[in-house]
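S.K.: Mind folding the following:
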Amino acid sequence: MDLAAEPAADDKTRIRPAATVILLRDGASGPQVLMGMRGAAAAFMPSKFVFPGGAVDAVDADVPLAALPAPDCLRRLGQDAPGASALAAAAIRELWEETGLPLGLPGRWEAPQGWRGFAARGLVPDGSALRFVFRAITPPGRPRRFDARFFLADAARLAGDPEDFSAACDELSHLQWLPLEQARRLDLPFITEVVLAEVSALLANGEGSAGVPFFDNSGPVPTFRRLV
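M.R.: Below you'll find the model as predicted:
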């Protein structure tokens with residue numbers, strides 16, 4: 001589901017859980033990230049370059065994962081609803097819908113609506129391919145608000161060609177692999193700039209012990225803390 005999908009009128013200011021995938025691969029001159037551009041008419045972040053992602057669907061909580069994220073990711077994700085498994089499933093579904101790229105392992109299952117194209121490839125979503133690296137809540141006053149968890153994933157874990165976007169829907173245009181520094185020069189939302197800087201630091205220095213950055217705009221005063 002698109003982050004800008006039209007909710008009911010009384011839901012427009014509700015903070016909705018969401019998941020985003022920062023997909024990386026090795027390029028000739030260093031790491032590359034997959035980016036796409038939102039439509040000019042989108043209610044949320046129009047004409048901006050973003051990572052694939054969107055709101056958690058109700059069915060995501062019931063989707064079986066072939067494997068779970070690492071224990072430290074589960075602990076950090078499990079501090080709030082909707083839960084680690086649903087967030088991981090939503091991240092994989094959004095990546096599939098918006099890019100046509102599947103993060104999955106071979107297997108058969110009875111897939112609900114929204115997952116049938118993924119399951120038809122003989123794949124079960126692979127949560128172990130995801131690393132939780134960032135969380136941010138959209139500030140008040142925006143047309144849509146999300147509590148977004150950002151996951152890092154290696155394109156080597158894809159069950160397919162990382163250049164094959166033929167199964168993608170039309171939510172993102174100009175899908176392309178870009179060197180990290182080039183991606184940071186695009187027309188980006190502020191939080192995407194921050195996440196790209198964090199990813200660059202992680203790749204250069206490793207994770208460390210400080211935890212996952214969390215930009216919390218749920219209350220009257222913005223706060224920053226780390227999930228440990």
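
S.K.: Let me see the contact set for residue 137.
M.R.: Contacts of residue 137 were listed using C-beta atoms under 8 Å, 6 or more residues apart in numbering, and they are 15, 145-148, 215-218. Where C-beta positions appear, they are placed from N, C-alpha and C, glycine not excepted.

S.K.: Count the residues that sit near residue 143.
M.R.: Residue 143 has 13 neighbouring residues, counting by other C-beta atoms under 10 Å.

S.K.: From residue 13, how far off is it?
M.R.: 9 Å (C-beta to C-beta, to the nearest Å).

S.K.: again, but for residue 77
M.R.: Following C-beta to C-beta, the distance that separates residue 77 from residue 13 is 24 Å.

S.K.: who has more neighbours, those two?
M.R.: The residue with more neighbours, out of residue 77 and residue 13, is residue 77; 24 against 13, by other C-beta under 10 Å.

S.K.: Surely that one touches residue 149?
M.R.: Yes: between residue 77 and residue 149 there is a contact at 6.6 Å, judged by C-beta atoms under 8 Å.

S.K.: okay, and the common contacts of those two?
M.R.: 87, 132.

S.K.: Give the rounded mean pLDDT of stretch 174-187.
M.R.: The average pLDDT for stretch 174-187 rounds to 94.

S.K.: what does stretch 66-79 give?
M.R.: pLDDT averaged over stretch 66-79 gives 92.

S.K.: Can you list the buried residues in that stretch?
M.R.: 66, 69, 73-74, 76-77 (16 or more other C-beta atoms under 10 Å).

S.K.: Would you map the strands across the protein?
M.R.: Along the chain, counting by DSSP state E, strands occupy 15-27, 30-38, 49-50, 53-55, 104-106, 123-125, 131-137, 145-154, 172-179, 212-216, 223-227.

S.K.: out of these, nearest to residue 200?
M.R.: Residue 200 sits nearest to strand 30-38 of all those, at 8.4 Å, using C-beta to C-beta.

S.K.: Pull up the pairing partners for the closest one, direction included.
M.R.: strand 15-27 (antiparallel), strand 49-50 (antiparallel), strand 172-179 (antiparallel) (DSSP bridges).

S.K.: what residues does the last one touch?
M.R.: Yep, that's strand 172-179 we're talking about. 25, 27, 29-39, 49-50, 52, 98-99, 162-163, 165, 168, 186.
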